[in-house]
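Participant: sharing a sequence plus its predicted fold:
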Amino acid sequence: MSALRTAQDVAGGERSASEVVAESFRAIDQRDTEIHAFLTLQREQALGEAEALDVRITNGEDVGPLAGVPIGIKDNMCQIGEVTSCASRILEGWRPPYDATVITKLKAAGAIAVGKTNMDEFAMGSSTENSAFGVTRNPHDPEKVPGGSSGGSAAAVAASMVPLSLGSDTGGSIRQPAALCGVVGVKPTYGLVSRYGLVAFASSLDQIGPFANNVEDAALLLEVIAGHDPKDSTSLNQPAPSLVAHLDHGVRGLRIGICSDLLQGASDDVAAAVAQAAAVLQGAGAELSEISIPELGLGLSAYYLIAPAEASSNLARYDGVRYGLRVDGDDVTAMNTRSRTAGFGDEVKRRIMLGTYALSAGYYDAYYGQAQRARTLIIQAFAKAYGSVDLILGATSPTTAFGIGEKSGDPLAMYQSDICTIPTNLAGHPALSVPFGKGGDQMPIGVQLLGPTLSEQRLFQAARVIEQGAAA
Amino acid sequence: MGENPTSLSEEDVRHVARLARLTLSDDEVGRFTEQLRGVLDLADDLEALNLDGIEPTAHPSELSNVLRTDEVVASLNQDAVFAAAPKIIDHRFSVPKIVGDAP
């Protein structure tokens, strides 16, 4: 199911939006009892919007580039009147009084939100097992995780319940589940997509991005959601990039570095897929070289101090006063403490405590300060690398999807899942994961393309070449 | 500079839990202490680096203050905001007592 084709058919009157949306709900009804990609569905609302859209199309109106396309929304993006829980007990049942900017943009483009997708609580995790409302299963093997934290969004697209979904990526939370579920996932340049209405985890790292079944659809969705937003002061003052129109420009003459540091710990299957993807790019005229950026090895430790530090501050707002869970106490401190203790799951508590510790007196410089300086080293090392290559190729995840329960008791093993994706977030750069073959376990493999700030056009061109090579 | 990162104690974990407004059972203190030590061990490779003279990065883009023109714009609907509150009294958020005898 191509989103672009669907939108063209709906806009051209060949299919009705109502029919497309009803078909999406049929697919959800058929598969989601097993997969559990969605936390909530917006059946009535979506069908009503589709009908209204059909009337407008009959009247000759241009309803936008995503006319009638059903889309899944990660449950950390605010949508007026629709429960936005972040898969946490502390926000269970919370209905936001406003729309995130991405929701406003989707509506204006004619897309139809069908429901909110499951995730690791507050986007903290790599398997979607940290959801307070149950795990999501990988559509390719229900005994395996879909990755995380945007596991529901990845699984919903992989299981053909929706052609598109939105996720958020703080340390790999779009790209890693995309790889594990065999779909395309994009983490845009920091600031390209507004964060207004995205529930904050780590504000200097968070970025919203698309999931799709193919590179073209992902490009289309990114075009729709990108662009400057006065409501997000970190939003780049840049027009949205033109991606779909430039998709087939190829990679002739493009310099692409295969980065050995983004293959460390990769399984043989994954390493072989990256090598084959490199051969495809080379066959299409790209200039391949092997590069090493040892500083990327500092990413994991820097990230697991910086992200929790920012999270501990961002999550201080859950105090039982203005919204969310309240457990009463004799005084306000007891009420705050009881509410947070009852409302947050273990992984969220771990990261809040880690961040609180890293920021506390006597440790601030040794932990948070040192991590911020390591972040500078990583940014400088990337800048040096991009002096000699245009894009970087590596693994997205070191392995294919692991078993449900396999790593959930061992936070450190889980954190290693993000080792290839984290450096991009620290630098604020764009990167994407594109499916490339399967492992010996018959589970999908994703290869990762990385580029410097605002290199999305090139990234999508190279991803398109890899996609065509994978299909060949 | 702080102490050796691996020296995180159960008392440290109790202290940060208190700062973060979380209550932990004794079992949780033991488990979290071990897990957090594991994560802080990761930071050993950072501590070993000589990063003197390297400027810290707090944010990936070059941020400066963003100002808008001083015009009246609509803000959130008050009733919609209060509708999500656990407890309100007369258009105010209601909380248990803040001042008074120490608990």
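Facilitator: Here it is on my side, so go on.
Participant: what about whatever residue of the stretch 1-150 of chain A ends up closest to chain B, neighbour count?
Facilitator: Taking Cβ to the nearest Cβ as the measure, the stretch 1-150 of chain A has A:Pro97 as its residue closest to chain B, at 3.7 Å. All C-beta atoms are positioned from the backbone trio N, CA, C, and that covers glycine. The local packing of A:Pro97 (other Cβ atoms under 10 Å in any protein chain shown) involves 17 other residues.
Participant: and it, what does it touch?
Facilitator: Listed by Cβ atoms under 8 Å, 6 or more residues apart in numbering or on different chains, the contact partners of A:Pro97 are A:Ile80, B:Leu76, B:Asn77, B:Ala80, B:Val81, B:Ala83, B:Ala84.
Participant: quick check: chain neighbours aside, which residue is closest to it?
Facilitator: Closest residue to A:Pro97 apart from its sequence neighbours, by Cβ to Cβ, 6 or more residues apart in numbering or on different chains: B:Ala80 at 3.7 Å.
Participant: give me the element that neighbour is part of.
Facilitator: In the assignment (DSSP states H and E), B:Ala80 maps to helix B:78-83.
Participant: quick one: distance of that helix to the chain centre.
Facilitator: A distance of 26 Å separates the centroid of the chain from that of helix B:78-83, by Cα atoms, centre = their mean, to the nearest Å.
Participant: what's that helix packed up against?
Facilitator: Using 3 or more Cβ pairs under 8 Å, 6 or more residues apart in numbering or on different chains; DSSP states H and E as the contact test, no helix or strand touches helix B:78-83.
Participant: show the average pLDDT along that helix.
Facilitator: Helix B:78-83 shows a mean pLDDT of 92.
Participant: assess the claim that A:Ile419 and A:Gln264 are in contact.
Facilitator: Yes: look at A:Ile419 against A:Gln264 with Cβ atoms under 8 Å: they come within range, at 7.4 Å.
Participant: confirm A:Ser360 sits in a helix?
Facilitator: No: assessed with DSSP: H, G, I helix; E, B strand; the rest coil, A:Ser360 is coil; it does not lie in a helix.
Participant: ok, now which ones touch it?
Facilitator: A:Ser360 makes contacts with B:Val16, B:Leu19, as judged by Cβ under 8 Å, 6+ apart.
Participant: among the contacts of A:Pro97, which one lies nearest to A:Ala342?
Facilitator: Relative to A:Ala342, the closest of the contacts of A:Pro97 is B:Ala84; by Cβ to Cβ it sits at 17.9 Å.
Participant: the closest one: what's it in contact with?
Facilitator: Contacts of B:Ala84 by Cβ under 8 Å, 6+ apart are A:Trp94, A:Arg95, A:Pro96, A:Pro97, A:Arg322, A:Tyr323.
Participant: A:Thr333 sits in which helix or strand?
Facilitator: Counting by DSSP H and E, A:Thr333 is part of helix A:332-343.
Participant: same thing with A:Gly409?
Facilitator: Using DSSP H and E, no helix or strand contains A:Gly409.
Participant: do the same with the one 3 residues further on
Facilitator: A:Leu412 belongs to helix A:411-415 when assigned by DSSP H and E.
Participant: beyond that helix, next helix or strand please.
Facilitator: Taking DSSP H and E, what comes next after helix A:411-415 is helix A:422-427.
Participant: pLDDT averaged over that following helix - what is it?
Facilitator: 98.
Participant: so which residues make contact with that helix?
Facilitator: Applying Cβ under 8 Å, 6+ apart, the set of residues contacting helix A:422-427 is A:169-172, A:187, A:190, A:205, A:207, A:296, A:299-300, A:302-303, A:306, A:375, A:378-379, A:382, A:430-431, A:450, B:60.
Participant: on the three-state scheme, the spatially closest residue to B:Phe32 that is not a sequence neighbour is what?
Facilitator: Nearest non-adjacent residue to B:Phe32, counting by Cβ to Cβ, 6+ apart: B:Val13, 5.5 Å away. Three-state call for B:Val13 (three-state DSSP): helix.
Participant: isn't B:Val13 up against B:Arg31?
Facilitator: No: B:Val13 is beyond contact range of B:Arg31, at 9.6 Å (criterion: Cβ under 8 Å).
Participant: of the two, who's got more company?
Facilitator: B:Val13 (24 against 15).
Participant: got a pLDDT number for the more buried one?
Facilitator: pLDDT at B:Val13 comes out at 97.
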